[in-house]
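> Pasted the sequence and its predicted model underneath.
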Amino acid sequence: MQWTDLDTRIVTIAALTAVACAIPGTFLVLRRMSMLTHAIAHAVLPGLVLAFLVAGTVNVGVLMIGALVVAMLTAALIEGLTSRTGIEQGAATGVVFTAMFALGILLLRVFADGVHLHADCVIEGQLTLAATDRVEWLGLTLPRAAWLLLGVIAINATVLAVCWRPMVASVFDPDHARLQGLHPQRMHQLLMVMTAATTIAAFEAVGSILVVALFVIPAATALLLADRLVTILVLAIAIGVFSAFAGHVFAVVLPGPIAIAVLGDELGGRVTDTSSAGMIAVTQGLVFAAAALALGRDSLLRRRLRRRAVSRPGAQPA
Amino acid sequence: MHSRAPSIDLPVQPARPAPRGNRESVQPIVGGQVGAAITNPMPSDPITPPPLRVSGLTLAYGDERVLDDIQLELPTSQLIAIVGPNGAGKSSLLRSVLGLAQSQGNPVVEFFGQRLTEVRRRIAFMPQRERVDWNFPTRVVDVVTMGLYGEIGWLRRIRGHHRNAALAALERVGMAELATRQIGELSGGQQKRVFLARTLVQGADLFLLDEPFAGVDARSEEIIARELQALRDAGSTVAVVHHDLTAVRRSFDYCVLLNRRVLAAGPVAEVLTAERVADAYDGVVPLALLDATRPETID
């Protein structure tokens, strides 16, 4: 493939998205709230539409604020439903985000039809588009999305550095954390805000369906590979960055030959590349599969090997 | 010695001062009524407030009252067992005095005469094992160090002496050699001992432990019992939710008999009579418990 400046920008945005998502993602997975980001990414649609209606144009700043407000509302609603009615968190998540998303589609149909605000764009994201929209700042010309993501990363990293201890203690044992004066409830809210802001910054590039992949898969994979939280976090970031690079390369390199092999020269020859965001998620899925099957601390392969070692005749009894 | 009348508001009968030197300090339950009859055999010094004083504490889940107008005062430097049947509200009592469960109304809950937020560091709590995620990626020594987070704060570095304190606490519960193990690899009894070490390292004056003996092996039970006694001997107050009345009779000083209300509180021998226990356990006393209520079968 011919590596161009555009490829560099696409990979940069994807990698920055992965880094930004891995930080709250790791804590969401540990808290067993992985699907919250999926819910937020969908529930913000009415917020985007309303912000658009208020501002009258597709002003990115206003859209971000509208989305952020609705994202926090979503997190609060899910939290409130779970604690007040006692229904299970997954059910509360399902109730809230589907209703909000449907409301968003209705608003879009009624008020904003035919305007430059497409549901497809929200769902799938526009990595290539995001890579072409550049802004110069401090003598550096970077895609606007990259600046935004850098800001989110800086905030996430700062929050984590300052709140590491109360954050970890609150996830492991909220009661104990509370008695130690570590405010687990506030830590939880902080995580919700981080998740909401990061989700919104990320889905412009990768869309509302794939953003959950960036939050969850690297963290879940890292949990299979390492047993200390710092290592898990670093690994999650590394897996995210690797997948961003590899996924984009695969998206450019693989579809052509595969299409020719499957469809023949004439039809397959027209296929050039595929969605980078999609291929990034696929790559992450493959890395996860490798960890679950072979590389992980407690993978299927290792379990099989251990069992064989125990059952081998003449082996020392365990 | 008995310089102070017990400060209890009795819902059924009015509080009255215990007669001086009266060994029969526990009042019988009147007319089958569930009446709190609490007299502190070793009342705290009038200047030193008790480690825990509770008055008018009520906790309900929906319409179900789990705790009903609790009046209680724990004596200082005693090994205290909180006993009662399943659903009596033993765990709820600990959790609500610590503000982990939201109680109704405006109860008085004082630790050492002060509000919880003012004396946080003097109180150590050990939750039930099931309340935390044991697959959490952390090591034994890190969990024990969490007992020091209140002291270390958010940003200060964890220093050598913190680490040593955590290791010393692990040594006391016989877990030092497992300090770098993942917590998920421990047995139930070992997990309890790690939790105990986390409370030990805190160096508290009041220890509230929710079922530290539930589902532990004999060795863990022995170690936990020994350490709790050592804490008491060092002057701390230790209150433990307990199920084994035999063990309570054998090694505890003071007993709170609970079934949604405080039915009795006082020295173990006086609280755990056959009549009281039968009453607390709704007339159904498990065979294993009956032995414990008969003093002559002990020793």
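Right, received. Where do you want to start?
> Name the helix or strand for the residue lying closest to B:Gly153 once chain neighbours are set aside, please.
Once flanking residues are discounted, B:Gly153 sits nearest to A:Arg165: 8.0 Å by C-beta to C-beta, 6 or more residues apart in numbering or on different chains. Backbone N, C-alpha and C define where each C-beta goes, glycine included. A:Arg165 belongs to helix A:144-172 when assigned by DSSP states H and E.
> What are the buried residues along that helix?
Buried residues in helix A:144-172, defined by neighbour count with 16 or more other C-beta atoms under 10 Å in any protein chain shown: A:144-150, A:152-153, A:155-156, A:159-160, A:163, A:165-172.
> swap in stretch A:90-100?
Across stretch A:90-100, burial judged by 16+ other C-beta under 10 Å covers A:92-93, A:95-97, A:100.
> which one of the residues you listed sits closest to B:Gln128?
B:Gln128 lies nearest to A:Ala92 out of the buried residues of stretch A:90-100, by C-beta to C-beta, at 25.0 Å.
> Once you drop chain neighbours, what's closest to that closest one?
Nearest to A:Ala92 is A:Leu81, by C-beta to C-beta, 6+ apart, at 3.9 Å.
> Kindly tell me how buried the one you found is, as a neighbour count.
A:Leu81 is flanked by 18 other residues according to other C-beta atoms under 10 Å in any protein chain shown.
> same deal with A:Val230?
11.
> how far away is it from chain B?
10 Å (C-beta to the nearest C-beta, to the nearest Å).
> which element is that residue on?
For A:Val230, the host element (DSSP H and E) is helix A:229-253.
> Give me the buried positions along whichever strand or helix holds the residue nearest to A:Ala92.
Per DSSP H and E, A:Leu81 falls inside helix A:60-85. Across helix A:60-85, burial judged by 16+ other C-beta under 10 Å covers A:62-68, A:70-75, A:77-79, A:81-82.
> cool, and stretch B:69-86?
B:69-85.
> I'd say the residue nearest to A:Ala92 and A:Gly90 touch.
No: the criterion here is C-beta atoms under 8 Å, and A:Leu81 misses it with A:Gly90 at 11.2 Å.
> now the strands for chain B?
Ranges of strands within chain B are B:52-61, B:64-74, B:79-83, B:108-110, B:123-126, B:206-209, B:237-241, B:254-259, B:261-267, based on DSSP state E.
> And the fifth one, what does it pack against?
Think strand B:123-126. On a contact count with 3 or more C-beta pairs under 8 Å, 6 or more residues apart in numbering or on different chains; DSSP states H and E, strand B:123-126 meets helix A:174-179, helix B:188-200, strand B:206-209.
> in that strand, what counts as buried?
Applying a neighbour-count criterion of 16+ other C-beta under 10 Å, one finds B:123-126 buried in strand B:123-126.
> about what we covered before: columns mean pLDDT and mean neighbour count on top of the helices and strands packed on strand B:123-126, output as JSON lines?
Listed next are the helices and strands packed on strand B:123-126 as JSON lines, based on pLDDT from 0 to 100; neighbours: other C-beta atoms under 10 Å in any protein chain shown:
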{"stretch": "helix A:174-179", "mean pLDDT": "91", "mean neighbour count": "22"}
{"stretch": "helix B:188-200", "mean pLDDT": "93", "mean neighbour count": "24"}
{"stretch": "strand B:206-209", "mean pLDDT": "94", "mean neighbour count": "25"}
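> a markdown table please, covering the ones you listed and showing distance to A:Leu140.
Shown next, in a markdown table, are the helices and strands packed on strand B:123-126 (distance: least, C-beta to C-beta, whole Å):
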| stretch | distance to A:Leu140 |
| --- | --- |
| helix A:174-179 | 41 |
| helix B:188-200 | 48 |
| strand B:206-209 | 57 |
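> Now the terminal residues of stretch A:264-279, how far apart.
Using C-alpha to C-alpha, to the nearest Å, one end of stretch A:264-279 lies 22 Å from the other.
> quick one: contacts for residue 62?
This is for chain A. Contacts for A:Val62 (C-beta atoms under 8 Å, 6 or more residues apart in numbering or on different chains) come out as A:51-52, A:54-55.
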